[in-house]
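Asks: Just need the structure, nothing else, for what follows:
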Amino acid sequence: MLSHENGLHARPATKLVETAGKFASEIFIAKDGIVVDGKSVIEILTLAAEQGAHLTITAKGEDAEKALKALVELIRSGFES
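Replies: You can find the predicted model right below:
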C-alpha cells in the first residue's frame, strides 16, 4: 500500500524510476489492472496513485529479485532513500 501522503506524484515517481534504472530487469507497476513501465516517470504518473493505493510491482530479468527488494524498500521508506 502506498503510504506517501501525496501519493505517487512527480518527485517519488522520479525516485522510483531512478531506483528501477539501476537494474537490468524489466520493471512493471500495476494499479487497478493498469500495468505500466516502471522505468518511465510519465507512465507511472498515469496511474494517478494516491495515498492508500495498492500497487503491484513485478520484475523480469537476471536481477529481478534485487530490483523488487530495492523498490519495496523505497516505497516502505516513504521515498526517503
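
Asks: who's in contact with the residue positioned nearest the centre of the chain?
Replies: In the chain, the C-alpha nearest the mean C-alpha coordinate belongs to L16, at 5.0 Å (C-alpha atoms, centre = their mean). L16 sits next to L8, I29, G38, I44, L71, L74, I75, F79 when contact means C-beta atoms under 8 Å, 6 or more residues apart in numbering. In short, each C-beta sits where N, CA and C put it, glycine included.

Asks: Output the residues you listed in a markdown table, with neighbour count, secondary structure and pLDDT appended to each entry.
Replies: Shown next, in a markdown table, are the contacts of L16 (neighbours: other C-beta atoms under 10 Å; DSSP: H, G, I helix; E, B strand; the rest coil; pLDDT from 0 to 100):
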| residue | neighbour count | secondary structure | pLDDT |
| --- | --- | --- | --- |
| L8 | 24 | coil | 81 |
| I29 | 24 | strand | 96 |
| G38 | 26 | coil | 97 |
| I44 | 25 | helix | 95 |
| L71 | 21 | helix | 95 |
| L74 | 18 | helix | 93 |
| I75 | 21 | helix | 87 |
| F79 | 20 | coil | 85 |
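
Asks: A20 against L71, yeah?
Replies: Yes. A20 is in contact with L71 according to C-beta atoms under 8 Å; the separation is 6.4 Å.
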